[in-house]
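Participant: Following is a predicted model, sequence given first.
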Amino acid sequence: VDAMYQNYQGVSTYNSVQNGNIQELVDSDWTQIRYLDQNHISFRKGPGNMPENELAGIRYVLAESDCLILGDYKVWKQVGHIYIYKNDTIDGICSYYDENDVTVVDQDEIKVKQSKLDQEADLDFNKQLRDDRVDGKVTASEDGYLIIAYPFESGWKAYVDGQEVETFKANKAYQAVKLSAGTHEVALRFYCPLVRESLIVTLVSLLIFAGTWVYSARKRRTACKSSTK
């Protein structure tokens, strides 16, 4: 997520093939962050959409003015001519919502009532985040859903207290895991789809190649022996 909130060219992203769920989210709920085409995203105007900031875990906004009205974002620190706005209600890319504040859209899809973030839930994740894994602990007094602001896509598996559980698509784009009240160890792992199948195909291809080479070598030796007689 980027830098400048006002009309400055900020950090942007480009994906030659955009994640379809992220594209759906941007097209329907966060249109202001898109520019040029569906594969280009700039977050310089993103903080204007408070509900999406909450789900995406945008905690800081940088600007050259200390007079912006950004909801729960307040001036936290000044570095040179840049003001850093901070939202203390956001504690990273993981958030928790009580079950009563979640609507089941489909068998594997949910929609949370944004701005209904459970502030009482204790989430400890920020030190255990990587591109291909998430590890942490959740303590909550009510049943609910843990939302992780990683794009929902095939290849992710979720584990609660060591047991594999179902993952849900939250608000069209994000990963979600259902949890009961109490304290739970939560882990997500990304396994590249079709890796096993690709390895099998590669191994079979190598065996075929090796078999063909051995057969050809034997055939050449036989032909050489026949020609020397």
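Facilitator: On my side now, so go ahead.

Participant: chain center to stretch 174-188: distance?
Facilitator: 15 Å (C-alpha atoms, centre = their mean, to the nearest Å).

Participant: Quick check: end-to-end length of it?
Facilitator: 13 Å (C-alpha to C-alpha, to the nearest Å).

Participant: List the buried residues for that stretch?
Facilitator: Neighbour counts over stretch 174-188 (16 or more other C-beta atoms under 10 Å) mark 174-179, 184, 186-188 as buried. Bear in mind the C-beta positions are built from the backbone N, C-alpha and C, glycine included.

Participant: Other residues contacting that stretch?
Facilitator: 55, 96, 110, 133-152, 156-162, 165-170 (C-beta atoms under 8 Å, 6 or more residues apart in numbering).

Participant: what's the model's confidence in it, averaged?
Facilitator: Mean pLDDT, stretch 174-188: 94.

Participant: Next: stretch 27-47.
Facilitator: Stretch 27-47 comes out at a mean pLDDT of 70.

Participant: chain center to the longest helix seen in the chain: distance?
Facilitator: Using DSSP state H to define each element, the chain has its longest helix at helix 195-228. Remark: helix 195-228 is offset 44 Å from the chain centroid, using C-alpha atoms, centre = their mean.

Participant: elements contacting that helix?
Facilitator: Packing partners of helix 195-228 (3 or more C-beta pairs under 8 Å, 6 or more residues apart in numbering; DSSP states H and E): none among the helices and strands.

Participant: Let me see the mean pLDDT of it.
Facilitator: Averaging pLDDT along helix 195-228 yields 78.

Participant: for the residue nearest the centre of the chain, phi and psi?
Facilitator: Nearest to the geometric centre of the chain sits Tyr150, at 1.3 Å (C-alpha atoms, centre = their mean). Note on Tyr150: backbone dihedrals following degrees, to the nearest 10 are phi -110, psi 140.

Participant: Now for it: which residues touch it?
Facilitator: Residues near Tyr150 by C-beta under 8 Å, 6+ apart: 93, 134, 156, 174-175, 188.

Participant: For the residue nearest to Thr167 when sequence neighbours are not counted, list the residues it contacts.
Facilitator: Nearest residue to Thr167, sequence neighbours excluded (C-beta to C-beta, 6 or more residues apart in numbering): Ala158, at 4.7 Å. Contact partners of Ala158, counting by C-beta under 8 Å, 6+ apart, are 164-167, 175, 177, 186-188.

Participant: Now, those residues that are in strands?
Facilitator: 164-165, 167, 175, 177, 186-188 (DSSP state E).

Participant: gap between the closest residue to Val26 other than its chain neighbours and His40?
Facilitator: Nearest non-adjacent residue to Val26, counting by C-beta to C-beta, 6+ apart: Arg34, 5.2 Å away. As for Arg34, its distance to His40 is 7 Å (criterion: C-beta to C-beta, to the nearest Å).

Participant: out of the two, which sits in the busier spot?
Facilitator: Each of Arg34 and His40 has its neighbours counted (other C-beta atoms under 10 Å); Arg34 has more, 17 against 14.

Participant: The more buried one contacts Leu25, correct?
Facilitator: No: applying C-beta atoms under 8 Å as the test, Arg34 and Leu25 come out as separate, 10.4 Å apart.

Participant: give me the beta-bridge partners of Thr183?
Facilitator: As for beta bridges, Thr183 partners with Thr139 under DSSP bridges.

Participant: Can you tell me how far it is from Val105?
Facilitator: 28 Å.

Participant: now Pro51
Facilitator: Using C-beta to C-beta, Pro51 is found at 16 Å from Val105.

Participant: Between the two, which is the more surrounded one?
Facilitator: More crowded of Pro51 and Val105, by other C-beta under 10 Å: Pro51, with 17 against 14.
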